[in-house]
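>>> Based on what follows, work out the 3D shape:
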Amino acid sequence: MANNNKPRLRLIPLGGLGEVGKNMFVVEYGSDMMLIDAGLMFPEDEMLGIDLVLPDFTYVRKNKDKLKGIFITHGHEDHTGALPYLLRDVNVPIYGTRLTLGLIRGKLEEHNLLGSTKLVEIHPNNPIKLGCFKLEFFRMTHSIPDGVGVAIHTPVGLVVHSGDFKLDQTPIDGNVIGFDKISSLCSKGVLALMSDSTNAETPGYTPSERVVGETLHKIFEKADGRVIVASFASHIHRIQQVIDTAHRFDRKLAVTGLSMTKNVEIASQLGYLKIPKKMMIHPAEMRRYAPKQLCVMSTGSQGEPMSALARMANGEHKWVDITEEDTIIISASAVPGNEKSISQTIDRLFRCGASVFYDSISGVHVSGHGAKDELRLMMNLVKPKYFIPIHGEYRHLRLHAEIAEEMGIPKDHIFVASNGDVVEFNENGKASMKEKVPAGAILVDGLGVGDIGEVVLRDRQQLSSDGILIVVVTIDKQTGKLIAGPDLVTRGFVYVRESGALLDEARERVIKALERTSKENITDWAVLKNDVRKVLSAFIYDNIKRRPMIMPIIVEV
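Below is the predicted model of the structure:
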């Protein structure tokens, strides 16, 4: 019989479930806690003015005395991007492989946190201890070098976290997935597997990264002018393929975009990017070379408004003006929420006369995540007692759960969790999912972190949709009678010169509302504002079916 007073193993996703991005996972037992990943997510279109979305750190802050360290599976932003914000609240060591820490180091330097943060390099062959947890690592292939999964020995049993992965048998860096290590680690039984679900709806296997290299070769071969390639700045394998292809065609390489420039520098210094001598030039030097001698590596694969590629498309880039001779390759797939901005950038590039190649028409991208057969193989290798699909939108999690069931895992041993759900194991390894902890989102707007909530977002959406109507009136403080006004000021609502009759009628409605409240001896300005807002809102919607933000300003004299 289980002892209710004995500590329980708790597995808690704080981000990355039901969404793509802001990955963060808690592993907790008694007085010991560790985090796996701390990523960001890019805002969706309706998140107006928001720069970044982070996981909710409330549970981590509340239990920071238990926190022994943060382990990062690999160097992508959706796994590392929240670290500078989290480290303002907690000060614990960060564990990761060499390249992962190199990219994190650059990020922390930007935020003036490098001096106060302990970075500990791990190697797949060397286990580490974090409190009561023993961590062993295994190499995984993904779209960035140095990615690893982790097997966590806990007092209740072995827990395996896959990290992001695909089973690429011909990776660019030659480091294949550690099948033997995974098999050996899992040979004595695995309590639970948390596995990447991103491509759970894709049949078969994900193509090797080398397939993109073949496509790049064909495009470069036919290009008569410059070749401009946009990709994720952290997609080191893709950048290497662009470098190799450009070198094959005797092209110089110029890198533009802050994050791309920084990551290329870090990866080449650490030996993860091999760049031939004298191949790289500064973008300002491009004017010395004929277009056919040039390749430009750029940020902007997601259509980010201030990225290098977007500035080229808008004719605002310092060194690159797009011409009809240019060949542009957007070597990435759209992150959910970015589809519209990517389409707009592609349209602008076409308008400039350039030849544009992108994922949906030309095979210039392959995913870094495993498809169905790879997920089956991982499950077969690990053979877990319990399964928790992670890293994906809800449909991905459900489809991954179905794969697990097909592989023989009982339905009641599969937990399709949401962010904040606590999967708890008692001392006998029996699991349940009942409790929930805070796991919303922190919105970053400029220097403001977490000060933008749902109400502010809703106001921004309303302003962007139907504009604002400001009503200024002056009333007698004692009687509530109207002394001056109402004056109406609009922005983004209606064109004043063409809407005189509507605005005149709106004024009359405000006057009548204030006359009524005056007769009822209502002088509380909060009540008056609410009454004016209700009357105007109903009148405007009845007449033109719009809902502007209505802001009454009442001056008492």
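>>> show me the contacts for the residue lying closest to Met280 once chain neighbours are set aside.
Leaving out its chain neighbours, the residue that sits closest to Met280 by Cβ to Cβ, 6 or more residues apart in numbering is Leu253, at 5.2 Å. In this view, the C-beta of every residue, glycine as well, is placed from N, C-alpha and C. Taking Cβ atoms under 8 Å, 6 or more residues apart in numbering, we find Leu253 in contact with Val242, Ile243, Ala246, His247, Ile275, Met279, Met280, Ile281, Cys295, Val296, Met297.
>>> Double-check that Ser195 belongs to a helix.
No: looking at Ser195 with DSSP: H, G, I helix; E, B strand; the rest coil, it is strand, so not inside a helix.
>>> tally of neighbours for it?
26 (other Cβ atoms under 10 Å).
>>> if we look at the sheet, which residues does it bridge to?
Pro389 (DSSP bridges).
>>> how about the helices in the stretch 101-250 of the chain?
Here the stretch 101-250 of the chain has its helices, by DSSP state H, counting those that start in this stretch, at 179-185, 210-222, 236-248.
>>> so the second one versus helix 236-248, what angle?
I take that to be helix 210-222. Helix 210-222 runs at 30 degrees relative to helix 236-248, counting by axes from the mean of the first three to the mean of the last three Cα atoms, to 10 degrees.
>>> hang on, the earlier thing: out of the contacts of Leu253, which one sits closest to Ile388?
Ile388 has its nearest neighbour among the contacts of Leu253 in Val242, at 36.6 Å by Cβ to Cβ.
>>> That closest one: what's it in contact with?
So Val242 contacts Leu216, Val229, Ser231, Leu253, Cys295, Met297, Ser331 (Cβ under 8 Å, 6+ apart).
>>> try 7 Å
Leu216, Val229, Cys295, Met297 (Cβ atoms under 7 Å, 6 or more residues apart in numbering).
>>> For the stretch 351-500 of the chain, which segments count as strands?
For the stretch 351-500 of the chain, the strands defined by DSSP state E, counting those that start in this stretch occupy 355-358, 384-390, 421-425, 431-436, 441-445, 448-449, 468-475, 482-491.
>>> helix or strand for the residue nearest to Met280, which one?
strand 252-256 (DSSP states H and E).
>>> for the strands of the stretch 351-500 of the chain, which one sits closest to Phe57?
Here strand 441-445 is closest among those (Cβ to Cβ), at 7.0 Å.
>>> and that closest one, which strands flank it?
strand 52-55 (antiparallel), strand 448-449 (antiparallel).
>>> Mean pLDDT lowest where, among the ones you listed?
Note on the strands paired with strand 441-445: strand 448-449 shows the lowest mean pLDDT, a mean of 49.
>>> mind checking pLDDT for Trp525?
Trp525 is given a pLDDT of 60.
>>> Give me the nearest residue to Ile468, chain neighbours excluded.
Met549 (4.6 Å).
>>> Check that neighbour and give its pLDDT.
Value for Met549, per-residue pLDDT: 77.
>>> Got phi/psi on it?
In terms of degrees, to the nearest 10, the main-chain angles of Met549 are phi -70, psi 130.
>>> Now do it: how many residues are near it, please.
So Met549, with other Cβ under 10 Å, has 21 neighbours.
>>> hang on, isn't it packed against Arg533?
No: between Met549 and Arg533 there is no contact under Cβ atoms under 7 Å: 9.5 Å.
>>> domains of this structure?
Domain assignment for the chain, taken from automatic domain parsing, gives 9-204+367-443, 215-359, 454-556.
>>> What count of nearby residues applies to Leu14?
26.
>>> Wait, it touches Asn419, no?
Yes: counting by Cβ under 7 Å, Leu14 touches Asn419, with 6.1 Å between them.
>>> Could you name every residue contacting both of those two?
Counting by Cβ under 7 Å, 6+ apart, the residues touching both Leu14 and Asn419 are Ala439.
>>> Need the distance between the two termini of stretch 75-88.
This stretch, stretch 75-88, spans 20 Å end to end (Cα to Cα, to the nearest Å).
>>> List the buried residues for it?
75-87 (16 or more other Cβ atoms under 10 Å).
>>> that older thread, can I get the helices of the stretch 101-250 of the chain in a markdown table with mean pLDDT?
Below are those laid out as a markdown table (pLDDT from 0 to 100):
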| stretch | mean pLDDT |
| --- | --- |
| helix 179-185 | 93 |
| helix 210-222 | 95 |
| helix 236-248 | 96 |
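>>> Point out the most buried one among these.
Neighbour counts (mean count of other Cβ atoms under 10 Å) averaged over each of those peak at helix 236-248, with a mean of 22.
>>> Point out where the stretch 301-450 of the chain drops to low pLDDT.
445-450 (pLDDT under 70).
>>> Check the stretch 51-200 of the chain too.
Applying pLDDT under 70 to the stretch 51-200 of the chain flags the ranges 51.
>>> Could you measure from the closest residue to Phe249 other than its chain neighbours over to Cys295?
The shortest distance from Phe249 to any residue other than its chain neighbours is 5.0 Å, reached at Phe220 (Cβ to Cβ, 6+ apart). According to Cβ to Cβ, to the nearest Å, Phe220 stands 8 Å off from Cys295.
>>> and for these two, which residues touch both?
With Cβ under 7 Å, 6+ apart as the test, Phe220 and Cys295 both reach Val227.
>>> The stretch 401-550 of the chain: helices as residue ranges?
All helices of the stretch 401-550 of the chain, identified by DSSP H, counting those that start in this stretch, fall at 454-466, 500-519, 525-544.
>>> If you average pLDDT over each of those helices, which is lowest?
Of all the helices of the stretch 401-550 of the chain, helix 454-466 carries the lowest average pLDDT, namely a mean of 53.
>>> The helix or strand containing Pro552 pairs with which strands, parallel or anti?
Assigned by DSSP H and E, Pro552 belongs to strand 549-556. Counting by DSSP bridges, the strands paired with strand 549-556 are strand 468-475 (parallel).
>>> and the partner strand with strand 482-491, angle?
Using the same axes, to 10 degrees, the inter-axis angle of strand 468-475 relative to strand 482-491 is 170 degrees.
>>> Any idea how far strand 468-475 is from the middle of the chain?
Remark: strand 468-475 is offset 41 Å from the chain centroid, using Cα atoms, centre = their mean, to the nearest Å.
>>> Extract the C-alpha set from that strand and format it as PDB.
Taking C-alpha atoms only, strand 468-475 is exported to PDB below (Å, rounded to 0.1, in the frame of the first residue of the first chain):
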ATOM      1  CA  ILE A 468     -11.800  54.900 -30.900                       C
ATOM      2  CA  LEU A 469     -14.400  57.500 -30.000                       C
ATOM      3  CA  ILE A 470     -13.600  60.000 -27.200                       C
ATOM      4  CA  VAL A 471     -16.500  61.900 -25.700                       C
ATOM      5  CA  VAL A 472     -15.600  65.000 -23.600                       C
ATOM      6  CA  VAL A 473     -18.300  66.600 -21.500                       C
ATOM      7  CA  THR A 474     -18.200  69.100 -18.600                       C
ATOM      8  CA  ILE A 475     -20.900  68.800 -15.900                       C
END
